[in-house]
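Trainee: Predicted model and sequence below, questions to follow.
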Amino acid sequence: MTVASTASGLLAMLQEQQPQLKKYALHNLNSLADSFWHEISASISTIESFYEDEYFEQRELAALVASKVFYYLGEHNDSLTYALGANSLFDVLEDSDYVRTLVAKCLDQYIALRKTREGEGATAIDPRLVAIVERMLDKCMQDRKYQQAIGMALDSQRLDKLQEAIRKSENVPGMLAYCFRLARTHVDKREFRQEVLRLIVNQHQGLHSPDYLTVCQCLMFLNDPQTVANILDKLIKGDKIEALLAYQIAFDLFENENQLFLLNVRDRLPEARAGSSSGGGENTETTEQNGMMDVSTSAEAATNVEDSQDNIYVDRMGKLKGILSGETPINLTLQFLYSRNKSDLLILKTIKHSVETRNSVCHSATIYSNALMHAGTTVDTFLRDNLDWLSRATNWAKFSATAGLGVIHRGHLQQGRSLMAPYLPQDGGTGGGSPYSEGGALYALGLIHANHGEGIKSFLLESLRKTNNEVIQHGACLGLGLAALGTADDEIYEDIKHVLYTDSAIAGEAAGIAMGLLMVGSASDKAGEMLTYAHDTQHEKIIRGLALGIALVVYGREEEADTLIEQMTRDQDPILRYGGMYALALAYRGTSNNSAIRRLLHFAVSDVSDDVRRAAVLALGFVLCSDPTQTPKIVSLLSESYNAHVRYGAAMAVGISCAGTASSEAISLLEPLTSDAVDFVRQGALMAMAMVLMQATEAREPHVSVFRRQLDKIVSDKHEDTMSKMGAILAYGILDAGGRNVTISLQSRTGHDRVMAVVGMAVFTQFWYWYPLTYFVSLSFAPTAFIGLNHELRMPKFDIISDAKPALFAYPAPTAPPSVNVNIKLPTAVLSTSGRSKSKAKKDTDAKTKAEKQPDTSSQMDESSSGKEAAKDGSEAMEVDSAVEKKAVNPEATSEVLSNPARVIPLQEKYVRFPEGCRYAPVKRTPAGFVMLRDLEPSEPVELVSTDSPASPAPAGGANGAPAAAPIPMGGVDLEPAPPEPFVYVP
């Protein structure tokens, strides 16, 4: 075969007049372009003229040659233009760098045009470009590369090709699950994401056995409670397995914490009543003939069956509504946190003794830390054991101390009001006690009933209406906002707005935050009303509360909120620009949206206000919370900024995004910040480090023990700054939160953002200005529990296996009490070799001495003494050797058996499995959280778990003759003696 060494001859033929010669030259140049493109480029103008000549028969071939030449010249845009002109001659199936590069360029250009097709600068898409993209999609489907086809279809926003790829795949349910995962994580536009989710729902409905777990998650994204209610009603009318699936769907929806959606689903379920069937089973009057007797008997049997089915349906519907309302899962969580509480009171006692009595900031921080350590456990032992110390809290410290009870007893829905009765305003108004205790008690009620406040909203609203005290109004507004989170209740909104218009700085700040909590995610027009009042008022506290409230209103609205965000970020008031940063963070929470990240980084380095810059960097943690590995990379340079506020924001962003991950990158970034020269930077870094290391063990991350020692040193150092000491005390509370059984998680296991968790974390960061808002961090706590339930929603006894070393996920070791220093001389350790040498030297000395004194008996004494010394040395040596032998190390276990209910942290979930031959099998694939169980041996008796439940508080006068629990006094001014115990009067 002849190998061409130059293309000059073929290029000369392009100047010929005969079309056949030109065709021959172009055909050969096309095959030689990869090697001789540099020679062909000298005649590129001639080849371009061939393409521009409409009468030239080989225009497309000329375009293909020109495209290859421009590709090698690095002009990819021109190359793509001529490749499109080549039409079918540009073979997308060709395996070459040229084709792959141009196809990628083609896809990028097509995707960019598709995303701007509805914008102002939208341009018509070249049909030739569309044809190439469609050929690539068809090629992927022909090669059975359906995942690639789905990814390309999603990027190019082609729903028709997406549907075609799903239908043609051999595993339709698997492709639908893959598409659902991509839609949540990679689709930027909210509107198109909803279209994809609707397509997934429609495709599932066409399957013989739809995946109702995924379908209901999609419907929650689409805010379609009616369809979810229809599915749940259909499932509970089925067999026992379908009823279990309905319960599992309800539990998964509950974990997403969208109160309004859950209540809408519950209210759309039919009212189930026993005996609803109308089967005339009372025809017992005609008993003359045997035939009539048989008919009557069969009718009665049919009626009994129908009644039994009705009773089963009523029972299942009641259980289902109990899950959707939150009553069942909250009670189960409360039992778990109470029974598994591993809080270390010695840590709190050490902090209490280390903190100076006169330092009110650290005193309050210790109360905050205690509340976080015991969040949801109902254990208030530390407070009751230190009443004198607690009574030093005055004014707003008393407000915070009372509110802390709400964090400790969070979830006690049935008994919440009874628990706080000693501190609440009487008859809805001021009861004559301290307004700080009463306001804190109303705030505590909101924390107890957070996101599930149906039973307490009316009381809080009445308390708000009957008081004019701004402190009580402050607590009532915060409590109402928490209890009615996201319900968009117009009546409550009007009452809170009335408090706002009083123009009280203290009450107005809480009112602004409460309005945002009430309308969270609604994108209501009321945001404009709030913005107008923020411009009218002169109080910075009210402006700051309204700015955060507006940010909460646009929660999760993404590009729909851009107009309001733009208006806030361009405002002259730095407080409103500060609110704009939070609006960006909450509108794009967990989306990793490039546009939002770019805007936040711009403000982080360009705004003139330190507060705005700090908020912009901190907001990155919310936007990137779904991809925590990226946060340390993005803020790494900002963590080294000369501006201390930017460094603080970088630390908090890493803590929020990487909470509970024990990420080595996050730890490396935070470690130098914990020793920063500025006190508030150290404070933020310590809290962020505690978030990252939550539930981490020394076996998995050795830095845990180093960090705990650092906290000990900071708390005990009397010369440490108050800000740093406060950060260390709060870090203790976060590190051991919830009895060491919770972690901070802003997303549920299904990938949906936990509304209450994100909102709670956003409001918590405002503690910079107002310490009582620290308690909002407890809203982001998620219990790390595996709770298996049977069809009766009871916990059966069974075991699961964790295929990981127990030390990796164990509880931290309890703190050792300080040792008492006693002046006792301890024996000196002596090695066996040194003992032998000393005894030998002593033997020689004794022998010489005895030889001088008693020469006649020296040999006998020498022999006897040497024998005794040798025996003594030998016995000592044997004892040392045996002690060494006893220290044989047992091999470490590689797995452990966990009993239901069990503590299973997120990083441990992938190691958990059901053992072979287990009686129970999970309904869903990933056994974590609340798991419904199928009983594989239903005929066998069921052994249930006996769990410890928190003691219910007795009413004011005692129940059943039992004495009432004495309230915890909050401050020295309001101390009252406890009522006497019940007694029997004997005359």
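Mentor: The structure has been received and is ready for your questions.
Trainee: ok, Leu102 - contacts?
Mentor: Contact analysis of Leu102 by CB atoms under 8 Å, 6 or more residues apart in numbering lists Ser67, Tyr71, His76, Ser79, Leu80, Ala83, Phe90. In short, each C-beta sits where N, CA and C put it, glycine included.
Trainee: Okay, and it sits in which element?
Mentor: Assigning secondary structure by DSSP states H and E places Leu102 in helix 97-115.
Trainee: residues of the very next helix or strand once past that helix that come out buried?
Mentor: Counting by DSSP H and E, the element after helix 97-115 in chain order, helix or strand, is helix 127-142. Across helix 127-142, burial judged by 16 or more other CB atoms under 10 Å covers Leu129, Val130, Ile132, Val133, Glu134, Arg135, Met136, Leu137, Cys140, Met141.
Trainee: In helices, which of the contacts of Leu102 fall?
Mentor: When DSSP state H defines the helices, the subset of the contacts of Leu102 inside them is Ser67, Tyr71, His76, Ser79, Leu80, Ala83.
Trainee: Low-confidence stretches in the stretch 351-500 of the chain?
Mentor: Scanning the stretch 351-500 of the chain for pLDDT under 70 picks out the ranges 427-432.
Trainee: now the helices: where do they sit in it?
Mentor: Secondary structure of the stretch 351-500 of the chain by DSSP state H, counting those that start in this stretch: the helices cover 360-373, 381-385, 387-390, 396-408, 416-420, 435-448, 457-465, 470-483, 490-500.
Trainee: Tyr443 contacts Gln473, correct?
Mentor: No - Tyr443 is beyond contact range of Gln473, at 11.1 Å (criterion: CB atoms under 8 Å).
Trainee: The two: which is more packed in?
Mentor: Of the pair Tyr443 and Gln473, Tyr443 is the one with more neighbours under other CB atoms under 10 Å, namely 33 against 26.
Trainee: Redo the contacts of Leu102 as JSON lines? Include neighbour count.
Mentor: Formatted as JSON lines, the entries for these read as follows, by neighbours: other CB atoms under 10 Å:
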{"residue": "Ser67", "neighbour count": "28"}
{"residue": "Tyr71", "neighbour count": "24"}
{"residue": "His76", "neighbour count": "16"}
{"residue": "Ser79", "neighbour count": "22"}
{"residue": "Leu80", "neighbour count": "23"}
{"residue": "Ala83", "neighbour count": "29"}
{"residue": "Phe90", "neighbour count": "25"}
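Trainee: Show me which of those residues is closest to Asp717.
Mentor: Taking CB to CB as the measure, Asp717 lies nearest His76 of the contacts of Leu102, at 61.8 Å.
Trainee: ok, the closest one - contacts?
Mentor: Phe70, Thr101, Leu102, Lys105.
Trainee: list the contacts for the closest residue to Thr674 other than its chain neighbours?
Mentor: The shortest distance from Thr674 to any residue that is not its chain neighbour, by CB to CB, 6 or more residues apart in numbering, is 4.5 Å, and that residue is Ala685. When the contact criterion is CB under 8 Å, 6+ apart, the partners of Ala685 are Tyr648, Ala651, Leu670, Leu673, Thr674, Asp676, Gly727.
Trainee: Let's see which of those end up in helices.
Mentor: When those are checked against helices using DSSP H, the ones located there are Tyr648, Ala651, Leu670, Leu673, Gly727.
Trainee: and the gap between Ser308 and Ile542?
Mentor: Distance of Ser308 to Ile542, computed by CB to CB, to the nearest Å: 61 Å.
Trainee: how many degrees apart are the helix or strand containing the residue nearest to Thr674 and helix 360-373 in direction?
Mentor: Assigned by DSSP H and E, Ala685 belongs to helix 679-692. Comparing the axes of helix 679-692 and helix 360-373 via axes from the mean of the first three to the mean of the last three CA atoms, to 10 degrees yields an angle of 10 degrees.
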